[in-house]
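*Asks:* need coordinates for the below:
(one chain, ligands or ions: 3)
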Amino acid sequence: MDVLVVDHPVAQTRLTAMRDARTDAASFRAALHELTTTLVYEAARSFPIERYPIQTPVAQTDGTRLANPPLLVPVLRAGLGMADSALALLPESSMGFVGLARDEHTFEPRAYMESLPRDLTGRPVLVLDPMLATGGSLEHCCRLLAERGCTDITVICVLAAPDGIARLEQTGLPLRLVTAAIDEQLDERKFIVPGLGDAGDRQFGGMPRF
Ligand SMILES: O=P(O)(O)OC[C@H]1O[C@H](OP(=O)(O)OP(=O)(O)O)[C@H](O)[C@@H]1O
Ligand SMILES: O=c1cc[nH]c(=O)[nH]1
Ligand SMILES: [Mg+2]
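*Replies:* Ligands and ions are numbered 1, 2, ... in the order given. Next up is the predicted model:
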C-alpha cells in the first residue's frame, strides 16, 4: 500500500493544535478543516486532468479540469469535520456517507448508516476519517466501496497507527493512504498514542453510545 505522510509545516502546525489537550472544540474543528485542505491538496496531486478550450477576456486558450472527479466519503461522526473543506477544494466532487461507531469493548465497528452510489466502477473515492487506529472502521468502509466495484480508494487520515496501516495492507484492497503522521502505538483502550484523543468527541462533544 502506498503511504504518503504530509510533513509540510502548515500541516504539522495544525496537527499540533489538534493534539494539544487545551484546544477547545471550535479551534479543534478549525484546525481539522485547515489540515484537511493540505491533505486533500497533496492527495489530488496525482489526479488525472484534461485540457479544454476556454476564452479569456483577451484570447482563446486551454483550461484544465479534473478528468474524473472523485466521490468523497466522510466516515461519521469524526469524518464530518473533513467534508466541507474537501468539497471546497474539489467542488466537482459528489459525496456519499458511511456511519460507524467503534464498540468500546470489542473495538469492532458497528455500522449505523450507509449512503453510497450502487455502482462505483471507474470512480475514484476519497475516504475521509481523521483516525486510523486498529483499522477496523476503515477496513469496513473500504470493503463497502470495493463491493460496489471501486478500484481506486484514497484514505485521508490525520493520524495513523502502525496496526491500522498493517490491517489495511493485509486486505489487499486497491488503497493508498495520505496522513499527517504515523504515531507510535495503541494503548489498552485502542486509542492512538500520543494521538489526539477521541476525534468525534473533541469536535462534537461526548454522546451516549447506542
Ligand atoms: O481504526 P479503528 O480502531 O476502527 O478506530 C478508528 C475509528 O474510531 C473513530 O470513530 P468512533 O468509532 O469513535 O466514532 P465517532 O466518529 O462517532 O466518534 C474514528 O473516527 C474512526 O472511525
Ligand atoms: O485514538 C483514537 C482511536 C480511535 N478513535 C479516535 O477518535 N481516537
Ligand atoms: Mg469517536
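
*Asks:* the residue nearest the centre of the chain pairs with what?
*Replies:* By C-alpha atoms, centre = their mean, the chain has its centre lying nearest to residue 128, at 2.2 Å. Judged by DSSP bridges, the bridge partners of residue 128 are residue 74, residue 156.

*Asks:* isn't it right up against residue 74?
*Replies:* Yes: the pair formed by residue 128 and residue 74 meets the contact definition of C-beta atoms under 8 Å, at 4.3 Å. C-beta here means a position set from N, CA and C on the backbone, and glycine is covered the same way.

*Asks:* the residue in the chain that ligand 1 sits nearest to: which element?
*Replies:* Nearest residue of the chain to ligand 1: residue 200, at 2.2 Å (C-beta to the nearest ligand atom). Element membership of residue 200, judged by DSSP states H and E, is helix 199-204.

*Asks:* any residue of that helix up close to ligand 3?
*Replies:* Yes: figure legend: helix 199-204 in contact with ligand 3 (C-beta under 5 Å from the ion); contacting residues residue 200.

*Asks:* need the CA coordinates for that helix. CSV is fine.
*Replies:* Presented in CSV, the C-alpha positions along helix 199-204 are these (Å, rounded to 0.1, in the frame of the first residue of the first chain):
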residue,chain,number,x,y,z
ALA,A,199,-11.7,12.9,17.3
GLY,A,200,-15.5,12.7,17.4
ASP,A,201,-15.8,13.9,21.0
ARG,A,202,-13.3,16.7,20.5
GLN,A,203,-15.3,18.1,17.6
PHE,A,204,-18.8,17.5,18.8
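
*Asks:* shift numbering so it begins at 49
*Replies:* All right, first residue 49 from here; so that's helix 247-252.
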